[in-house]
Structures are given as C-alpha cells and as structure tokens.
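Visitor: got a predicted model here, sequence first, then my questions.
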Amino acid sequence: MHFHIMTLFPEMVQNGLHTSVIGRAEEKGYISVHAVNIRDYTLDKHNKVDDYTYGGGAGMLMQAQPVYDCWKALQKGIEERKTQGNTMPHQTKVIYVTPQGEVFHQKKAVELSKEEDLIFLCGHYEGVDERVLEEIVTDCISIGDYVLTGGELAAMVMIDAIARLVPGVLNNGESAATESHSNGLLEYPQYSRPEIWHDKRVPEVLLSGHHANIEKWRQQQAIERTKQRRPELYQAYLEAQNS
C-alpha cells in the first residue's frame, strides 16, 4: 500500500512515520510513505503558497495552484506506476484532513486499508482555497472535534491506524482483529508476568489453560469495560446484537 502526503512540512511526516512498526513495514516493502512538499509546486518567485482571503478575515489561506499542481504530479506518477504493472489506473482517493470532515473511526480505517494508494492533503493557516478542494478531494476526514495547527499530525494518526491493517505489517495476524473497536467493543484487560505484582494477581481463568473459558471471560470483560467507559459504544453494540 502506498501513502502520499501533500504537506508544507515533509520532514515532520517522515520523522514521525519512518520509525517503529510503520518504519519496519516500509523497510520490508509492505507499505510506502511518500511526503511531498507543496511549496515545490508554487509559481511564486518567493515560494509563497498562501495569500489573504477574499472578503477579509484573520489569517492566510493556502492557494489553489500549488496544491492542484502537486496533486496532479502525484496522480500522474501513480497512474504511470499502475500502467507499468498492468493495473487499470483511476483517480486515487484524496483525503483532506480537516475538522469539518466526518470523524475517523476503525471501520473507516478498515475501508481505506483496502486501497492501493491514498493521498492525504494537509492544510495550514486558515485552510485551503475551496475551489481546489472541489477539484481534487474525495473524502474530508477529521480525527476529532478540535483544531490543530496543521493536518500533519492528523494524517499521521490515520496512516498509522490504516497501515497496521495491511497484511504483513503486524507480526501477529490476530492483533488487529482483537483490539479495541475491531468488533464494536473496547479491548479486554491483559496481563503479563509476574503472576503477582503489588499484591495484584492475574485472574485465575487466564492461568487455567481452558481456552473456551478464557475467550468467554475476555468477551465479558470487553462488554463490561465498554459499558463503563464508552456507554454510547455499548448501546450501539446492544442494538447490533438485537438487530
């Protein structure tokens, strides 16, 4: 899977994603992460990519031209790679990272992990000229109802969540299937050695070796934890069970 990030701060994205699990997955060829500097595509002799907004207001706005030309170059490269690989080229999903978008969740991560390529557009200042968004963006997505100084951190969060669902990225194939939100519930509590720590014992059922009882206990714990910590998820889980 190939991730392409349109940004004014490519080093920020590269430093954040070329480490740990995601970095190792890239080294092994399961994914690729390609950060592109939008500023490289400006026609302004001073390398400006922003200007004042029509109608007044605070702050500057990212201009349409450099964003569009950056996207166009990316799309061309993707199409050429697919043509060489005998794959039918089509417009790649372009995700604009914005607090105005739908809130990102695990089901969306699963859906996006099935794509061969994803392009993320990271805004700055007061955002991006609406006209170019209308031209190139396929999805507007937010990671929560709050505002960041730029889209890079949000893009990195989504890429991490999506990439770990790509086959081969996680060493343990069961990990993604049993984690929080994978089945509508929060993950059950887990324990490691030693058996007793600060006078707290590992639950006996986990030491029993009885796999059916362990799975039953984990399911009960996941339901109870979801009920306590995320009542809205618990209610949705109940409704799904009764539908």
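Guide: That came through fine.

Visitor: what about the strands in this structure?
Guide: Taking DSSP state E as the criterion, the chain carries its strands at 2-7, 32-37, 50-52, 60-62, 93-103, 117-122, 139-142, 196-197, 200-201.

Visitor: so which of these comes closest to residue 183?
Guide: The stretch from those with the least distance to residue 183 (Cβ to Cβ) is strand 93-103; that distance is 19.2 Å. Where you see a C-beta, it was placed from the backbone N, CA and C, and this is true even at glycine.

Visitor: what's the neighbour count on residue 221?
Guide: Neighbour count for residue 221, taken as other Cβ atoms under 10 Å: 18.

Visitor: scratch that, residue 125
Guide: Applying other Cβ under 10 Å, we find 17 residues neighbouring residue 125.

Visitor: need the strands of the chain in TSV with mean neighbour count, can you?
Guide: Putting the strands of the chain into TSV (neighbours: other Cβ atoms under 10 Å) gives the following:
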stretch	mean neighbour count
strand 2-7	24
strand 32-37	18
strand 50-52	14
strand 60-62	19
strand 93-103	18
strand 117-122	25
strand 139-142	18
strand 196-197	10
strand 200-201	10
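
Visitor: just put these in CSV and tack on distance to residue 148.
Guide: Compiled in CSV, the strands of the chain are given as follows (distance: least, Cβ to Cβ, whole Å):
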stretch, distance to residue 148
strand 2-7, 13
strand 32-37, 17
strand 50-52, 17
strand 60-62, 15
strand 93-103, 8
strand 117-122, 10
strand 139-142, 10
strand 196-197, 38
strand 200-201, 38
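
Visitor: for the ones you listed, give me JSON lines that also has distance to residue 79 and mean pLDDT.
Guide: Shown next, in JSON lines, are those (distance: least, Cβ to Cβ, whole Å; pLDDT from 0 to 100):
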{"stretch": "strand 2-7", "distance to residue 79": "12", "mean pLDDT": "98"}
{"stretch": "strand 32-37", "distance to residue 79": "15", "mean pLDDT": "97"}
{"stretch": "strand 50-52", "distance to residue 79": "29", "mean pLDDT": "94"}
{"stretch": "strand 60-62", "distance to residue 79": "25", "mean pLDDT": "94"}
{"stretch": "strand 93-103", "distance to residue 79": "14", "mean pLDDT": "96"}
{"stretch": "strand 117-122", "distance to residue 79": "10", "mean pLDDT": "98"}
{"stretch": "strand 139-142", "distance to residue 79": "19", "mean pLDDT": "97"}
{"stretch": "strand 196-197", "distance to residue 79": "56", "mean pLDDT": "96"}
{"stretch": "strand 200-201", "distance to residue 79": "57", "mean pLDDT": "96"}
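
Visitor: and those strands: which comes nearest residue 226?
Guide: The closest of these to residue 226 is strand 93-103. By Cβ to Cβ, the value is 18.1 Å.

Visitor: quick one on the thing from earlier: relative to residue 216, which of the strands of the chain is closest?
Guide: Of all the strands of the chain, it is strand 200-201 that lies closest to residue 216, at 19.4 Å by Cβ to Cβ.
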